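[1] please find the sequence and the predicted model below.
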Amino acid sequence: MRACAILSTGLLLAITVSARAADPAAGLAPGLAGIGFLVGHWSSRVPGAVAETGGTSTGTISFTPEVGGHVLLRRDHVGLLDRSGRAAGGFDILMMIYPEAGTLHADYSDGQHVIHYASALMQPGRSVSFTSAASPGAPTFRLSYTLVGADTLDIAFGMIPPGGSSVRPIATGTAHRDG
């Protein structure tokens, strides 16, 4: 009887641990739980990402909880391909996403550019759209992630030119969750 109780307790613990591992929001602070769908490792291919050559980009993206779940860290490696599919360079990206004063903020850097996203609109568990802080004479950037399937993420990056009101797409693509 005791062996059965130990086995049952162990099985219940294993099921609980498996359920927590399957929940991407597990371990995130409440202010980030609504974007827990981003957590994981993704692979992407973005057509037309190389504006000068008409090529594409491929990449890997990871979103990991950091600092005790109070920060979601995005790390990317982007490989650029020319129109014929040959390597045309690449770059790395870091983006730190965090809640502050009741909204999500993010700081992005690719080594050449820094974008401070000052606000976000979110549909918990489904989408998030970050918008950079407005600055006179400078463009405003928008970065959106939308979960379109359990393991498929649409990504859109665009800008509003100074004095403009509509978003001009810069790059759009799809990422697929790895394993």
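    Received it, and whenever you're ready, just let me know what you need.
[2] how about residue 92, nearest residue that isn't a chain neighbour?
    Of all residues not flanking residue 92 in the chain, residue 77 sits nearest, at 5.5 Å (Cβ to Cβ, 6 or more residues apart in numbering). Where C-beta positions appear, they are placed from N, C-alpha and C, glycine not excepted.
[3] which helix or strand contains the one you found?
    Assigned by DSSP states H and E, residue 77 falls within strand 71-81.
[4] which elements pack onto the following helix or strand past that strand?
    Once strand 71-81 ends, the next helix or strand along the chain (criterion: DSSP H and E) is strand 87-100. Counting contacts by 3 or more Cβ pairs under 8 Å, 6 or more residues apart in numbering; DSSP states H and E, strand 87-100 is packed against strand 71-81, strand 103-109.
[5] ok, residue 75 touching residue 93?
    Yes. Between residue 75 and residue 93 there is a contact under Cβ atoms under 8 Å: 7.1 Å.
[6] buried set for the strand holding residue 77?
    By 16 or more other Cβ atoms under 10 Å, the buried positions in strand 71-81 come out as 71, 72, 74, 76, 78, 80, 81.
[7] and stretch 132-147, by the same measure?
    Quick answer for stretch 132-147 (16+ other Cβ under 10 Å): 132, 139, 140, 141, 142, 143, 144, 145, 146, 147.
[8] please apply the same query to stretch 161-169.
    Buried-residue list, stretch 161-169, by 16+ other Cβ under 10 Å: residue 167.
[9] circling back to that earlier point, and the pLDDT for the residue nearest to residue 92?
    Per-residue pLDDT puts residue 77 at 91.
[10] do the one 3 residues further on as well
    On the pLDDT scale, residue 80 is placed at 84.
[11] beta partners of it?
    Residues in a beta bridge with residue 80, per DSSP bridges, are residue 57.
[12] residues contacting it?
    Contact analysis of residue 80 by Cβ atoms under 8 Å, 6 or more residues apart in numbering lists 49, 50, 55, 56, 57, 87, 88, 89, 90, 91.
[13] count of neighbours near the third one?
    Applying the criterion other Cβ atoms under 10 Å, we find 21 residues in the vicinity of residue 55.
[14] for the last one, same thing?
    With neighbours defined by other Cβ under 10 Å, the count for residue 91 comes to 15.
[15] same question, residue 94
    Neighbours of residue 94 using other Cβ under 10 Å come to 13.
[16] shouldn't it be in contact with residue 106?
    No. Using Cβ under 8 Å as the test, residue 94 is too far from residue 106 to be in contact (10.5 Å).
[17] quick check, residue 68 in a strand?
    No. According to DSSP: H, G, I helix; E, B strand; the rest coil, residue 68 belongs to no strand; its state is helix.
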